[in-house]
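Participant: Output the structure for:
(one chain, ligands or ions: 1)
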Amino acid sequence: MRFTPKKIEEILIAILGPEGTPLIRELIGKSNVSEFDLATRTKKDIKIIRKMLYILHNYNLVGFTRKKDKQKGWYIYYWTLLPESIRFNYYKMKQNLLDKLNAQLEEERKELFFVCPNTCVRLNFDQAMDFEFRCPECGELINQDNPEERIKQLQSRIASLEAEFTELKEEKKEKRKQGKERKKVVKAKIKKVRKTDKKKSVKKETVLKKIKKIVKKK
Ligand SMILES: [Zn+2]
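Facilitator: Residues are numbered from 1 along each chain as shown. Predicted structure coming up:
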């Protein structure tokens, strides 16, 4: 799956809540944004901005550098989103959800549930026994619930999450392959530079510079 700005926004809003939206929008696609600029652009108090940034930092979703303001003598923090870390967190969250759904599915399959006809409660067998099969809210007799619909819903959510994970694995494989191929190309190029420069007995420093340039290029 591609991590579009919209997706990143969605993930970060899940953490900060909707009030974090303006801040998130100011961070996406930029790097080293001063916290004062963030406060000005979002028209929010610097304390609120800092609080949200610290929350994101706790999740390791933003990084910062700081510079001393020579005139005022204090430090100014510059913030940058960490896309790889956002990605990792996202899948961790989804993995937790998948575990939870699987546990729920298992429970639905092996437990008996009872519901109130007025939809006040849904109780498992032990709880229903404790209330002598009467609704603790309205006193009506409670009936055994048919879990079929719930099970179907859980199964479909689990299937779509699992599909997402499979896609991710494929993506990772593809990336690794591309990385390996790039390494091969770079190695070959370096070899060639070394060979020809040896013949021409070019200075070591110049050769190093050339190699660095090759490695850097993507
Ligand atoms: Zn009831």
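Participant: Please name the nearest non-neighbouring residue to the residue most central in space within the chain.
Facilitator: Central residue check for the chain by C-alpha atoms, centre = their mean: the C-alpha nearest the mean position is that of residue 90, 2.5 Å away. Excluding the flanking residues, the one nearest residue 90 by C-beta to C-beta, 6 or more residues apart in numbering is residue 11, at 5.1 Å. To be clear about C-beta, it is placed using only N, CA and C from the backbone, and glycine gets the same treatment.
Participant: now that neighbour: how far from the ion?
Facilitator: 38 Å (C-beta to the ion, to the nearest Å).
Participant: Only the buried residues of the helix or strand containing that residue, if you could.
Facilitator: Following DSSP states H and E, one finds residue 11 within helix 5-16. Of all the residues in helix 5-16, those buried under the rule 16 or more other C-beta atoms under 10 Å are 8-9, 11-12, 15-16.
Participant: Stretch 48-61 too?
Facilitator: Applying 16+ other C-beta under 10 Å to stretch 48-61 flags 49-50, 52-53, 55-57, 59, 61 as buried.
Participant: How about the contacts made by residue 30?
Facilitator: Taking C-beta atoms under 8 Å, 6 or more residues apart in numbering as the criterion, residue 30 is in contact with residue 80.
Participant: which SS state does it fall under?
Facilitator: Look at residue 30: counting by DSSP: H, G, I helix; E, B strand; the rest coil, its state is coil.
Participant: For it, give me the pLDDT.
Facilitator: Here, the pLDDT recorded for residue 30 equals 94.
Participant: All further residue positions should be reported with the first residue as 11.
Facilitator: Sure, I'll start numbering at 11, so the last one becomes residue 40.
Participant: hmm, back to that, summarise which helices and strands whichever strand or helix holds the residue nearest to the centre of the chain is packed against.
Facilitator: Per DSSP H and E: residue 100 is located in helix 93-120. Secondary-structure packing of helix 93-120 (3 or more C-beta pairs under 8 Å, 6 or more residues apart in numbering; DSSP states H and E): helix 15-26, helix 158-209.
Participant: Contacts for the first one, please.
Facilitator: Right, the one you point to is helix 15-26. 11, 30-31, 33-35, 38-39, 62, 65-66, 69, 71, 91, 93, 96, 99-100, 103.
Participant: still on that earlier bit, need the max-distance pair from the buried residues of stretch 58-71.
Facilitator: 59 and 69 (16.3 Å; C-beta to C-beta).
Participant: Which of the helices or strands spans residue 62?
Facilitator: helix 56-68.
Participant: what angle sits between that helix and helix 93-120?
Facilitator: 70 degrees (axes from the mean of the first three to the mean of the last three C-alpha atoms, to 10 degrees).
Participant: next helix or strand past helix 56-68?
Facilitator: Immediately after helix 56-68, counting by DSSP H and E, sits strand 72-78.
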